[in-house]
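In: Below are the sequence and a predicted model for it; my questions follow.
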Amino acid sequence: MMTASAQLHPPQFTDHQKGESPMAIAIRYDADQRLCLSELNCTCQLDHQTPTQDVYVGTGLIDQIPDIIRRRGLGSRALLICDPTTYEVAGSQTLAALRSANFQIDLCRLERSGSLEPDERAVGEVALSIRPETEFLISVGSGSITDITRSVSYLTGRPQVCVGTAPSMDGYTSAICPLLLRGAKIHRKGDCPEIIVCDLDILRTAPLEMFQSGVGDVLGKYIAKADWVIGGIINDEIYCPASGSIALDAANKLLENPEPIRERAREGTRILIEALLLAGLTVMIIGHTRAVASVEHNIAHYWEMMQLARGVKPPAHGASVGVASLLIWPMFERFRTQNLSMLGDLAYIEALRANRLTRPEREAWMLRAFGESIGTTFMAENPEDFLTWEEQLRRVERAASNQLAIREELARLPSIDRIRNVMLKLGAPTTARELGVDSDLLKLSMRCGKDYRSRYTLLKLLDETGLLDDYLRDLPIN
Ligand SMILES: [Zn+2]
Ligand SMILES: [Zn+2]
């Protein structure tokens, strides 16, 4: 049995307390408002890493940052990374607290005429702002700034302190950086910040759209979990029940609490940031993003890349994930009653084989869907994504003989109405049009979301069994 136990700050739960919590992982706080995780026991065969980060969620935390850093022994010379907005929100206060405690802090304020993107320019700008004596990095911001700094932290071997400014995405506790390279959304290894500070009174000043975005990012976990289980059924991927439940518990918590989140009071802010932190921690625990991202993220990334390529401001990440989840949800619901008996018919299988894209056709499709530069990058990053017929046939046969197991998994999804109602209660966007995604981009994204990476999904299953066209025709996007 793999045990990700002995957290750095294990709380002492009594058996009674353990029994009370139906969660895969229980949390509490110590006197310094530091998050303590219960022991995580999992019987799956993945190598579970024990998170050792110091994660603080509470109030009055910015003034505590010098003590928080000293407790961790990171040194006294740092580079603080922010943008003009996050400087106002928390950066200047962080800087003042550290300087008055005799820390030597250089400032790297990322100024852009448009939106700040986690691209080669930003990563380069931060890296070049580091001096030989810089001991650690402090990011003050949410998605982009955290990801940029995480990447530089990994590349330069300097630990990161992250001061969150919005409960807008689950990347604070992640160890993977979504970055843009020549316009293509790529994923690179990063270091999880050693210290994460989430001050509720700062987070709650973030605009409502950033709360909507955080909720959207978490609601996508239902799709991610279903696709992961299906990946286990078809491709023998190891599904980690503990990580899966952590992400799902996070999503369930949000479904139950839309009102406090909409109010952006401390309680709702805490509910949302805890859900985001816990979902993100699964990336730390198992080293990949299977529990938190699947085709809904692919589609969201696609919108972002294509809008950037057109010179248009991309929609917020989590808002896109929420809308993309809603858009593909009907396919997951429909498959619950899908009869796969045609897969036993020789003529059907022969037709599947005859309709396969050849490799040059597939390459042409990738370049058309993603554009030359991005398409080439994705094909290079996912060489196994072009299947041999033997492999496709193996997967088709596996799907045919396991259709009940797949349908059972899909039956666990909450109804689309429940998801949509929560998003509407929060005033979050529920359609691609509200995100500025036009009809052509939407249609293309629904078709090529499966091609973004080789990770197995229900959409790949539909494609490989010849059902995708029919399912797409049925969606309310036409
Ligand atoms: Zn996300
Ligand atoms: Zn596990």
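Out: Yep, it's here. Ligands and ions are numbered 1, 2, ... in the order given.
In: Which strand residues bridge the residue nearest to Glu120 when sequence neighbours are not counted?
Out: Nearest residue to Glu120, sequence neighbours excluded (Cβ to Cβ, 6 or more residues apart in numbering): Leu181, at 6.1 Å. Bear in mind the C-beta positions are built from the backbone N, C-alpha and C, glycine included. Under DSSP bridges, the beta-bridge partners of Leu181 are Ala184.
In: Quick check: buried residues in the longest helix along the chain?
Out: For the chain, the longest helix by residue count, based on DSSP state H, is helix 266-286. Neighbour-count burial for helix 266-286, counted by 16 or more other Cβ atoms under 10 Å, picks out 268-286.
In: Report whether it contacts ligand 2.
Out: No: Helix 266-286 stays clear of ligand 2 (Cβ under 5 Å from the ion), getting no nearer than 6.7 Å.
In: Check stretch 225-233 too.
Out: No: counting by Cβ under 5 Å from the ion, ligand 2 has no neighbours in stretch 225-233; the shortest distance is 11.6 Å.
In: what comes into contact with that stretch?
Out: With contact meaning Cβ atoms under 8 Å, 6 or more residues apart in numbering, stretch 225-233 is reached by 237-239, 244, 247-248, 290-291, 294-295, 332, 398-399, 402, 405-406, 409-410, 412-413, 455-458, 461.
In: Extract the C-alpha set from it and format it as PDB.
Out: Output in PDB follows, covering the C-alpha atoms of stretch 225-233 (Å, rounded to 0.1, in the frame of the first residue of the first chain):
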ATOM      1  CA  LYS A 225     -12.500  12.400 -13.400                       C
ATOM      2  CA  ALA A 226     -14.800  10.600 -15.800                       C
ATOM      3  CA  ASP A 227     -12.200  10.800 -18.600                       C
ATOM      4  CA  TRP A 228      -9.500   9.500 -16.200                       C
ATOM      5  CA  VAL A 229     -11.600   6.500 -15.200                       C
ATOM      6  CA  ILE A 230     -12.400   5.800 -18.900                       C
ATOM      7  CA  GLY A 231      -8.600   6.100 -19.600                       C
ATOM      8  CA  GLY A 232      -8.200   3.400 -17.000                       C
ATOM      9  CA  ILE A 233     -10.700   1.100 -18.600                       C
END
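In: Check the offset of that stretch from the chain's centre.
Out: 17 Å (Cα atoms, centre = their mean, to the nearest Å).
In: likewise stretch 216-233?
Out: 11 Å.
In: Point out where the stretch 201-350 of the chain drops to low pLDDT.
Out: Along the stretch 201-350 of the chain, segments meeting pLDDT under 70 are nowhere present.
In: Can you name the residues of this protein sitting close to ligand 2?
Out: Cys42, Cys44, Leu46, Cys240, Ala242.
In: Just flag the most distant two among those residues.
Out: Leu46 and Ala242 (9.2 Å; Cβ to Cβ).
In: picking that back up, tell me the most packed of the residues of the chain next to ligand 2, by neighbour count.
Out: Cys240 (28 neighbours; other Cβ atoms under 10 Å).
In: Tabulate the CA atom coordinates of stretch 90-98 in PDB.
Out: What follows is stretch 90-98, C-alpha atoms only, in PDB (Å, rounded to 0.1, in the frame of the first residue of the first chain):
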ATOM      1  CA  ALA A  90      -0.900  43.100  -2.300                       C
ATOM      2  CA  GLY A  91       2.600  43.700  -3.700                       C
ATOM      3  CA  SER A  92       3.400  47.000  -2.100                       C
ATOM      4  CA  GLN A  93       2.200  45.800   1.300                       C
ATOM      5  CA  THR A  94       4.300  42.600   1.000                       C
ATOM      6  CA  LEU A  95       7.300  44.700  -0.100                       C
ATOM      7  CA  ALA A  96       6.900  47.100   2.800                       C
ATOM      8  CA  ALA A  97       6.500  44.200   5.400                       C
ATOM      9  CA  LEU A  98       9.600  42.500   4.100                       C
END
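In: Just the buried positions in that stretch, please.
Out: Those buried within stretch 90-98 under the rule 16+ other Cβ under 10 Å are Ala90, Gly91, Ser92, Gln93, Thr94, Leu95, Ala97, Leu98.
In: and what of stretch 240-253?
Out: 240, 242-253.
In: Likewise for stretch 128-137?
Out: Here stretch 128-137 shows Ser129, Ile130, Thr134, Glu135, Phe136, Leu137 as buried, counting by 16+ other Cβ under 10 Å.
In: among those residues, which are in strands?
Out: Of the buried residues of stretch 128-137, the ones assigned to strands by DSSP state E are Phe136, Leu137.
In: Just want the phi and psi numbers for the closest residue to ligand 2 within the stretch 301-450 of the chain.
Out: Residue of the stretch 301-450 of the chain nearest ligand 2, by Cβ to the ion: Glu409 (17.2 Å). With angles defined as degrees, to the nearest 10, Glu409 sits at phi -60, psi -40.
In: gap between it and Gly231?
Out: 11 Å (Cβ to Cβ, to the nearest Å).
In: cool, and Arg121?
Out: The value you get for Arg121 to Gly231, if Cβ to Cβ is used, is 35 Å.
In: Show me which of these two is the more surrounded one.
Out: With neighbours defined as other Cβ under 10 Å, Arg121 and Gly231 compare such that Gly231 has more, 21 against 14.
In: same for the one helix or strand Ala400 maps to, what does it pack against?
Out: In this structure, Ala400 sits in helix 389-401 according to DSSP states H and E. Helices and strands touching helix 389-401, by 3 or more Cβ pairs under 8 Å, 6 or more residues apart in numbering; DSSP states H and E, are helix 221-235, helix 346-354, helix 458-464.
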